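Asker: Provided below for reference: sequence and predicted model.
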Amino acid sequence: WVCAYANNQWRAAAEVGDDPSESSFRRAIDKAEGTVTVLDEAAATYTRIWCSYEIFVSLTARHGGAKHLYDVYTVRADGKAVGITDGCALLDDRYVSPVSGKAAREAGFPNGLLARALEINVDTAEASVEADRVHILNAIAGAGDLNATPPTTHAGYERINRMLHGRFAYSSFASNTNPRDEAERLLAAMRDSGMSEMDFFRQGLQGEDATTFAAALRSGMPRDLRRLRLVVDSCGEAMWPGVAQAVGDLHELEDLALDLYCTQPAGAAAAAEFGATLGSLRHVRKLDLCFYDCRLGDEGAERIISAVAKLLALTDLVLNLHGNLLSDATAAHLAKTIRALPALQKVSLGADENVSITPAGRSTLKGLQGELAARQPPVDVEVLV
């Protein structure tokens, strides 16, 4: 449904009506799964009041509990399309991690356009028909009389401004294209965006760079975030306490995926801090932890398993321990922890021949598979050891 072609322009007033919520634009959004904004180099879309209204509806709409998706596309200087998508796109699956694919793809979004998007103000948007501007601003403000003079400032205007500014700031930070002199402004916009889901990827950060990224992440993520996917690949040991502190502020998280591929902690103390943070996230229902070749050590693994035991709301658990040491006692602790999770519906445990695990430990985890699968209702179990 392309809005520019969907109305009879010879009877536009009748097609649109006085109430924006009854317009063909709104009805189309209600039927669609998502909205795509196509921007020119001047971001002119965001200066038009009808476009601002459609984006307002798109960013606040829900369909049977599912959010309405909102993507933004433009054309690069080389003539190729590039977009900021609401979550990962299908082509991001070409990468080992779709989160890294999204970051790489969105890095091509023009910086100048991102900067202009941060100047968006819905309350100054224009309309060809003044009555449309009045009706829409009143609709966003929740006014009872759509024909009244709209307020010059309103929390509703600020909300949509924050949501749009935050969306672009998030993309800039997530794709690692944010200019350093704009860092504080971008992080503030992210934090105030009202976004409920975020994905981040970084690779190879060491020392101060790792510390700086983790601190920025902590500063920029909304405190009421519901879903987080974070991939840090082959980074320095400073990433562990940094990630622990950043995630520890997110007490409303329900879905958490952390991939610390080849990012090794500085001993058991770092793993203990990470575990303490993880165990405090009592609303998490879906948890995906990848510690591939992190070399946690037996004590580090114990700390993290103890943290998982506190997450009584867990329904889905993925735990990748490739390349880590597991003693018989730790394998038994892991099996006991998983067995005791009351809401668990699905679990996947991953390890391979590189894991130092004895036949007894392997047998313990394999036995868990049959035990949980025999429950009523059965737990969907995959144990790869």
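Answerer: That came through fine. Residues are numbered from 1 along each chain as shown.

Asker: what residues are up against the spatially closest residue to residue 357 that is not a sequence neighbour?
Answerer: With sequence-adjacent residues excluded and distances taken as Cβ to Cβ, 6 or more residues apart in numbering, residue 357 is closest to residue 326, at 4.6 Å. To be clear about C-beta, it is placed using only N, CA and C from the backbone, and glycine gets the same treatment. For residue 326, the contact set (Cβ atoms under 8 Å, 6 or more residues apart in numbering) comprises 298, 301, 334, 351, 355, 356, 357, 361.

Asker: Quick check, the first one in contact with residue 331.
Answerer: No - the pair residue 298 and residue 331 fails to qualify as a contact (Cβ atoms under 8 Å) at a distance of 10.1 Å.

Asker: more neighbours, these two?
Answerer: residue 331 (26 against 16; other Cβ atoms under 10 Å).

Asker: For that one, pull up the helix or strand it's in.
Answerer: helix 328-340 (DSSP states H and E).

Asker: so for that helix, what's the average pLDDT?
Answerer: What helix 328-340 shows for mean pLDDT is 93.

Asker: Also stretch 146-155?
Answerer: So the average pLDDT for stretch 146-155 ends up being 94.

Asker: How about stretch 187-202?
Answerer: On average, stretch 187-202 scores 93.

Asker: Repeat that for stretch 372-382.
Answerer: Computed over stretch 372-382, the average pLDDT equals 89.

Asker: For it, which outside residues touch it?
Answerer: Here stretch 372-382 has contacts from 338, 339, 344, 345, 346, 347, 348, 349, 368, 369, using Cβ under 8 Å, 6+ apart.

Asker: burial measure for the fifth one, as a count.
Answerer: Using other Cβ under 10 Å as the criterion, residue 346 is surrounded by 15 other residues.

Asker: sorry, back to before: can you pick the most crowded of the contacts of stretch 372-382?
Answerer: residue 338 (24 neighbours).

Asker: what sits against that residue?
Answerer: 317, 344, 347, 349, 368, 372.

Asker: How is the last one assigned, secondary-structure-wise?
Answerer: The one in question is residue 372. Three-state call for residue 372 (DSSP: H, G, I helix; E, B strand; the rest coil): helix.

Asker: between the contacts of residue 326, which is nearest residue 33?
Answerer: Of all the contacts of residue 326, residue 33 sits closest to residue 351, with 38.1 Å by Cβ to Cβ.

Asker: Now do that closest one, the pLDDT please.
Answerer: We note a pLDDT of 72 for residue 351 in this prediction.

Asker: Kindly list the longest helix within this protein.
Answerer: In the chain, taking DSSP state H as the definition, the longest helix is helix 155-174.

Asker: Please save the CA atoms from it in PDB.
Answerer: Extracted C-alpha coordinates of helix 155-174, given in PDB (Å, rounded to 0.1, in the frame of the first residue of the first chain):
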ATOM      1  CA  ALA A 155       4.100  15.700  25.700                       C
ATOM      2  CA  GLY A 156       2.700  13.800  22.700                       C
ATOM      3  CA  TYR A 157       4.800  15.800  20.300                       C
ATOM      4  CA  GLU A 158       7.900  15.200  22.500                       C
ATOM      5  CA  ARG A 159       7.200  11.500  22.600                       C
ATOM      6  CA  ILE A 160       7.200  11.100  18.800                       C
ATOM      7  CA  ASN A 161      10.200  13.300  18.500                       C
ATOM      8  CA  ARG A 162      12.100  11.200  21.100                       C
ATOM      9  CA  MET A 163      11.100   8.000  19.400                       C
ATOM     10  CA  LEU A 164      12.300   9.100  16.000                       C
ATOM     11  CA  HIS A 165      15.500  10.700  17.300                       C
ATOM     12  CA  GLY A 166      16.200   7.600  19.300                       C
ATOM     13  CA  ARG A 167      15.700   5.300  16.400                       C
ATOM     14  CA  PHE A 168      18.300   7.000  14.300                       C
ATOM     15  CA  ALA A 169      20.700   7.500  17.200                       C
ATOM     16  CA  TYR A 170      20.400   3.800  18.000                       C
ATOM     17  CA  SER A 171      21.200   2.900  14.400                       C
ATOM     18  CA  SER A 172      24.200   5.200  14.400                       C
ATOM     19  CA  PHE A 173      25.600   3.700  17.600                       C
ATOM     20  CA  ALA A 174      24.800   0.100  16.800                       C
END
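
Asker: Restricted to helices, list the contacts of residue 338.
Answerer: Reading helices off those with DSSP H, I get 368, 372.

Asker: need the contacts of residue 338 in JSON lines with distance to residue 71, can you?
Answerer: Converted to JSON lines, the contacts of residue 338 look like this (distance: Cβ to Cβ, whole Å):
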{"residue": "317", "distance to residue 71": "31"}
{"residue": "344", "distance to residue 71": "34"}
{"residue": "347", "distance to residue 71": "33"}
{"residue": "349", "distance to residue 71": "35"}
{"residue": "368", "distance to residue 71": "42"}
{"residue": "372", "distance to residue 71": "39"}
